[in-house]
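With the input below, show me the fold.
(one chain, ligands or ions: 2)
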Amino acid sequence: MSRVLSSAHVHTTFCDGKSTAREMAQAAYERGFVSLGFSSHAPQTFDPAHCIDPSREDVYKAEIRAIQQEYAGRMAVYLGMERDMLSCSDPQSLDYFIASVHYFITPDGGHSGVDAPSNVMRRYVDEYCEGSGIEMARRYFTLMREYVIQSRPAIIGHFDLVRYNNAALGLYDENSDVYRNMALDALRDMRDTDALLEVNTGGVARGYMTEPYPAAFLLSAWKEWGGEVIINSDCHYAPLIDGGYSQAEELLLSLGYDHIVRLSADPEKGMWEQASLE
Ligand SMILES: [Zn+2]
Ligand SMILES: [Zn+2]
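Ligands and ions are numbered 1, 2, ... in the order given. The predicted structure is shown next:
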C-alpha cells in the first residue's frame, strides 16, 4: 500500500488525458488519496492536441474549482498546470505549476517534441544536432535549467525526460561522465530555487520505462544537496492514478530518503506537507 496518497501531476480530457477531471478525482478518492492536483498542459500556440484549448482555459479553471468544492473536507483538490517555456497563459491564478520541457525549437521556428515518437527524435538529432545524441541532451538540459531558474515553479517536472527515446534509439550513453555531469550541473543550479524535484512514475505505469524519472544518481545528488522530492503519477488515465508508486517509494528508501513532500491534506495549514516513507 502506497504511503504517498497524492499526485500533483494529472492530465484529463481538458488536454491529452483519457479520463475526465471528475473520473480522476473519483479514482483518487477511492484509492484513499488525501490530496490531488490537476495539471493540464497549459495553452500554447502549437500542438493543440496536447494542451488546453486557449478558449477553454476558463472552463478548465472553473471545473477544477467546482471539484475542489465538491471534495472539500474529504480530499484536498488543487488547481495547477504543467507549463512549458512556450506556454502562453498567465500562471497567476493557479495554486501552483510544474515546469517541464517538452519541445526543442527548430531553426525554422518549428517545434520538435522531446517525448515525440522515436522517428521525430531521430530526425531532430540528424537534422539539427549533426547526428549527435549527446548534443541533443545538452540542449535539453540547457533549456530545462534556464526555464526552471527563470520561472520558479513549485515542481520540476520529469527532469530527465530526454531519456524517453534513448532506450529505443541509443542516442547517448546514460552512464557516461559527460552525460551525467551535464545533468548534474543543470540540477545543481536548480537547487537554489527550492522547487520540489518530481519523481515521475508515468513511464513506469504505462510500461515504457523500467524506472521513474529522474535516474537514481540524480536523486542521490539531490538528497546530498538537501533537496525535497515529490512522487507524481503524471496520470492520463484514471485507473493508473498511483501507478508505479510502490517502485518509486522503494527506490527513494534505498537511496536514504525517509519522506516525500505532497500537496497538503489540509489547505488551511499550507500548500505542502511531508509524508513519511517508513
Ligand atoms: Zn510532461
Ligand atoms: Zn504531464
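
Neighbours of the residue of the stretch 101-250 of the chain found nearest ligand 2, how many?
Nearest to ligand 2, among the residues of the stretch 101-250 of the chain, is residue 234, at 4.4 Å (CB to the ion). Every C-beta, even on glycine, is put in place using the N, C-alpha and C of the backbone. Residues lying near residue 234 (other CB atoms under 10 Å) number 28.

Which residues are in contact with the residue nearest to it when sequence neighbours are not counted?
Nearest non-adjacent residue to residue 234, counting by CB to CB, 6 or more residues apart in numbering: residue 202, 3.0 Å away. Applying CB atoms under 8 Å, 6 or more residues apart in numbering to residue 202 gives the contacts 9, 158, 232-236, 243-244.

Residue 13 now?
19-21.

just residue 163 next, same as before
The contact partners of residue 163, taken as CB under 8 Å, 6+ apart, are 174, 209, 213, 215.

ranges for the strands of the stretch 1-150 of the chain?
Taking DSSP state E, counting those that start in this stretch, the strands of the stretch 1-150 of the chain run over residues 6-7, 35-41, 76-83, 96-99, 103-105, 111-113.

winner for burial among the ones you listed?
Most buried of these by mean neighbour count (mean count of other CB atoms under 10 Å) is strand 6-7; its value is a mean of 30.

quick one: strands adjacent to that strand?
Partner strands and pairing direction for strand 6-7 (DSSP bridges) are strand 35-41 (parallel).

and the partner strand with strand 76-83, angle?
Relative orientation of strand 35-41 and strand 76-83, computed by axes from the mean of the first three to the mean of the last three CA atoms, to 10 degrees: 20 degrees.

I'm curious whether strand 35-41, anywhere along its length, sits up against ligand 2.
No - Strand 35-41 lies out of reach of ligand 2 by CB under 5 Å from the ion, never closer than 6.4 Å.

confidence score at residue 205?
With respect to pLDDT, residue 205 scores 95.

my guess is it meets residue 233, correct?
Yes - counting by CB atoms under 8 Å, residue 233 is a contact partner of residue 205 at 6.2 Å.

the more surrounded of these two?
Using other CB under 10 Å, the more surrounded residue of residue 205 and residue 233 is residue 233, with 26 against 23.

I figured that one hits residue 10, correct?
Yes - counting by CB under 8 Å, residue 233 does reach residue 10; the two are 7.1 Å apart.

so who does residue 8 touch?
Contact analysis of residue 8 by CB under 8 Å, 6+ apart lists 35-37, 39, 78, 80, 96, 98, 154-155, 230, 232, 262-263.

Dump those residues to JSON lines, plus distance to residue 166 and pLDDT.
Formatted as JSON lines, the contacts of residue 8 follow (distance: CB to CB, whole Å; pLDDT from 0 to 100):
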{"residue": "35", "distance to residue 166": "33", "pLDDT": "98"}
{"residue": "36", "distance to residue 166": "31", "pLDDT": "98"}
{"residue": "37", "distance to residue 166": "29", "pLDDT": "98"}
{"residue": "39", "distance to residue 166": "25", "pLDDT": "98"}
{"residue": "78", "distance to residue 166": "32", "pLDDT": "98"}
{"residue": "80", "distance to residue 166": "28", "pLDDT": "98"}
{"residue": "96", "distance to residue 166": "29", "pLDDT": "98"}
{"residue": "98", "distance to residue 166": "22", "pLDDT": "98"}
{"residue": "154", "distance to residue 166": "28", "pLDDT": "98"}
{"residue": "155", "distance to residue 166": "23", "pLDDT": "98"}
{"residue": "230", "distance to residue 166": "24", "pLDDT": "98"}
{"residue": "232", "distance to residue 166": "21", "pLDDT": "98"}
{"residue": "262", "distance to residue 166": "29", "pLDDT": "98"}
{"residue": "263", "distance to residue 166": "31", "pLDDT": "98"}
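
State the distance from the closest residue to residue 131 other than its chain neighbours to residue 144.
Counting by CB to CB, 6+ apart, residue 125 is the residue found nearest to residue 131 once chain neighbours are left out, at 6.2 Å. According to CB to CB, to the nearest Å, residue 125 and residue 144 sit 17 Å apart.
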